[in-house]
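Enquirer: Quick check, what structure comes out for this input:
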Amino acid sequence: MIENDDLGTDQDEPVSPDEPVFAEEQAEQDEPADPVESADQEQPPAPRPGWLLVGVALILPVLAGVAQCFITSVPLAYGLGFAMVLTTALLIAVDASQLGDTDRTGVRRESPLLLFLGMCALWIAVYPIAYFRRQRFCGPRLGLASLLSAVLFLAIPFAAVLLIRPGLPACTSPEVARMIESLVRQMPLGATMPVIDSYREVSYDPTAGIRHGECIVHGRDGNLPVKFTVTWQDRDRAMFFVAIPPPELLECTSPMTKRLLEQTIQNGPFAAATRSTDGYREVRFDPVAQVRHGECTAHTDAGDVPVKFLVEWQDRTKGLILVRLETPNLPACTSPMTKGLLESVIRNAPFSAVTQSTDGYREVRFDTEGQVRHGECIAHTDAGDVPVKFFIQWLDRDKGMILVRMETPNLPSCTSPDVLRVLGEVLAQSGMTMVDGHREVSFDADAIVRQGACTAHTDMGDVQIQYFVEWQDREKAQFRVRIVVKPMGPVNA
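Expert: Here you go, the predicted model:
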């Protein structure tokens, strides 16, 4: 059958190579596999990076420009700009490294390292170029946006300067701190003030445009608070002025006041005997005259001495102060200082060798016009108690130096114990031991000589003795006794 023959032919008989083959069939046999489909089957396409990195790098310049509008510190503004340049350069370089060096057309482009270095060197030009370069690799197209971002980074601060008036720098800002340090170094005490810190703002008056601040200057004399003000010099040009107002007078208890007072005391009358000073306190403050009155205690060998002093300005514009002792009151006759000085005087007196102690100090009178105090005490000697009169007067009032000395004494009377003692010693050398009837005959006030008389009882009879009392050294209260012996007639029973 034909059908069987045909089927058999199709199934069993081989096709002769000489037989013709249809063109379509030959094309299907000779046509190679689709190269795209073959590549897809052999290797998947490389993933393209997203636009997150370049998106962040696109926004950063705008944010940095806005932030600079609120920064008053020039170094901080430069630091912010440098940080923005470095960050955007790094982000774009990382994105470029993910894209590779060859773009979609097969052209080899700039390397990521070259882009990074170019943006660090000339950011304003290379930054937009990097975005236009990226468009040749993949989307989105951000070249024009990068140009706008770069322009805004430069334009926003300038526009803010023109449209927004600058704010007065804070008292704690670095530029204010530098100006304060420069001003303090120019002060007389600046060389001894190595550290300045603890800046703080005390108050701000927005209407007047002035800030009040304070800082602490650390020096060898302690911590010194310094107040200052920050005001506009030219607000349109953002120029401000830092000033340190005239300082306040140091307190009487400040370390510097104590040091200056100790130097003053060293030049005082009891400097050599002063062991230490303490008990500093402020008595009162005269705000009109700008004078502080203080008091302390000087511990001396003669006892504790109250010291009154003044703190006043020597030159307020330069911050120079003067600490001096108050024009003092003359010490009382019963003060420890007076007693100590008087004892020194008594040691050089004629009865010093036999003086055991002194007491009974009292003030007799005070001459306010002559500034002289007259006092009296009792010197206990081997021969008995001797009244000692003395006076106190100024040697140098400005330095607080006083003079204590015994008053120029009156010549002892002919019947005084001291004269009788000296007379007895003189008569004993002549063998006259029994003497009585002492009396004063006369007193020559001009020559300051006293004449006395007494009777000496001897084996030869009674002898009348005339004696004279006169000064040997009045300043030292030293006197002498001279005798004249006259025999007496027989005494009637």
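Enquirer: Backbone dihedrals for D101, both of them.
Expert: The phi and psi values for D101, taken as degrees, to the nearest 10, are phi -100, psi -20.
Enquirer: How much space separates it from L113?
Expert: Applying CB to CB, to the nearest Å, the value for D101 to L113 is 11 Å. Every residue, glycine included, has its C-beta placed from N, CA and C.
Enquirer: So which bits of stretch 324-340 are buried?
Expert: 324-325, 328, 330-333, 335, 337-340 (16 or more other CB atoms under 10 Å).
Enquirer: With secondary structure added, can I get those residues in TSV?
Expert: What follows is these, written out as TSV (DSSP: H, G, I helix; E, B strand; the rest coil):
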residue	secondary structure
R324	strand
L325	strand
P328	coil
L330	coil
P331	coil
A332	coil
C333	coil
S335	coil
M337	helix
T338	helix
K339	helix
G340	helix
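Enquirer: and which of the residues you listed is nearest V195?
Expert: Using CB to CB, R324 is the member of the buried residues of stretch 324-340 that lies nearest V195, at 30.1 Å.
Enquirer: Please report the distance of that closest one from Y361.
Expert: 30 Å.
Enquirer: What is the burial count for V364?
Expert: Counted with other CB atoms under 10 Å, the neighbours of V364 add up to 13.
Enquirer: swap in G294?
Expert: G294: 23 surrounding residues under other CB under 10 Å.
Enquirer: swap in A477?
Expert: Using other CB under 10 Å, A477 has 22 other residues around it.
Enquirer: Now it: closest residue in space that isn't a chain neighbour?
Expert: Take A477 and drop its neighbours on the chain: the residue closest to it by CB to CB, 6 or more residues apart in numbering is P409, 4.7 Å away.
Enquirer: What of C296?
Expert: In space, C296 is closest to Y280, 4.6 Å off (CB to CB, 6+ apart).
Enquirer: which ones are touching that neighbour?
Expert: With contact taken as CB atoms under 8 Å, 6 or more residues apart in numbering, Y280 is in contact with 252-253, 257-258, 294-296.
Enquirer: Among those residues, which are located in helices?
Expert: Assigned to helices by DSSP state H, the following of the contacts of Y280 qualify: 257-258.
Enquirer: Put the buried members of the contacts of Y280 into a PyMOL selection.
Expert: Restricted to buried positions by 16+ other CB under 10 Å, the PyMOL selection for the contacts of Y280 reads:
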select buried, resi 252+257+258+294+296
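Enquirer: Can you flag which of the contacts of Y280 belong to strands?
Expert: Judged by DSSP state E, the contacts of Y280 include 294-296 as members of strands.
Enquirer: Out of those, which comes closest to S442?
Expert: E295 (55.8 Å).
Enquirer: ranges for the strands of the stretch 51-200 of the chain?
Expert: Using DSSP state E, counting those that start in this stretch, the strands of the stretch 51-200 of the chain run over residues 195-205.
Enquirer: which stretches of this structure form helices?
Expert: For the chain, the helices defined by DSSP H occupy 2-12, 23-30, 35-42, 52-68, 74-99, 112-121, 123-135, 143-163, 174-185, 255-266, 336-347, 417-429.
Enquirer: T207: which of those is closest?
Expert: Smallest distance to T207 across the helices of the chain (CB to CB): 20.3 Å, for helix 174-185.
Enquirer: domain assignment for the chain?
Expert: The chain breaks down into these domains under automatic domain parsing: 52-163, 174-243, 255-325, 336-406, 417-487.
Enquirer: Name the nearest residue to C454, ignoring sequence neighbours.
Expert: Closest residue to C454 apart from its sequence neighbours, by CB to CB, 6+ apart: H438 at 4.5 Å.
Enquirer: Provide a list of residues in contact with the nearest residue to V56 once chain neighbours are set aside.
Expert: Leaving aside its chain neighbours, V56 sits nearest to L91 (5.9 Å; criterion: CB to CB, 6+ apart). Each residue near L91 by CB under 8 Å, 6+ apart is listed here: 53-54, 56-57.
Enquirer: and which of the residues you listed is nearest to A379?
Expert: V56 (101.3 Å).
Enquirer: What separation is there between that closest one and G461?
Expert: From V56 to G461 the distance is 141 Å (CB to CB).
Enquirer: Tell me which of those two has more neighbours.
Expert: The neighbour comparison of V56 against G461 (other CB under 10 Å) goes to V56, with 15 against 12.
Enquirer: So the more buried one versus S203, what's the distance?
Expert: For V56, the distance to S203 equals 42 Å [CB to CB].
Enquirer: I'd like the helices of the chain as CSV, with mean pLDDT and distance to F240 appended.
Expert: As requested, the helices of the chain are exported to CSV (pLDDT from 0 to 100; distance: least, CB to CB, whole Å):
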stretch, mean pLDDT, distance to F240
helix 2-12, 43, 106
helix 23-30, 46, 88
helix 35-42, 45, 69
helix 52-68, 88, 18
helix 74-99, 88, 12
helix 112-121, 90, 33
helix 123-135, 89, 30
helix 143-163, 83, 15
helix 174-185, 86, 8
helix 255-266, 85, 31
helix 336-347, 83, 57
helix 417-429, 86, 85
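Enquirer: Can you say which of those is nearest to L403?
Expert: Set against L403 and scored by CB to CB, the helices of the chain come closest in helix 336-347, at 8.3 Å.
Enquirer: So which residues make contact with that closest one?
Expert: Contacts of helix 336-347 (CB under 8 Å, 6+ apart): 270, 273, 300-305, 331-332, 352, 355, 358, 361, 375, 377, 379, 388, 390, 392, 402, 404-406.
Enquirer: Can you report how many residues neighbour L113?
Expert: Residue neighbour count, defined by other CB under 10 Å, stands at 11 for L113.
Enquirer: How about the contacts made by it?
Expert: Neighbouring residues of L113 by CB under 8 Å, 6+ apart: A93.
Enquirer: give me the beta-bridge partners of the nearest residue to V422 once chain neighbours are set aside?
Expert: Distance criterion CB to CB, 6+ apart; nearest residue to V422, sequence neighbours excluded, is V481 at 4.8 Å. Listed by DSSP bridges, the beta-bridge partners for V481 are V469.
Enquirer: give the contact list for V481.
Expert: When contacts are counted by CB under 8 Å, 6+ apart, V481 touches 419, 422-423, 426, 467-469.
Enquirer: Would you format the buried residues of stretch 324-340 as CSV with distance to S146 included?
Expert: Converted to CSV, those look like this (distance: CB to CB, whole Å):
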residue, distance to S146
R324, 74
L325, 78
P328, 84
L330, 91
P331, 90
A332, 93
C333, 98
S335, 91
M337, 89
T338, 94
K339, 96
G340, 93
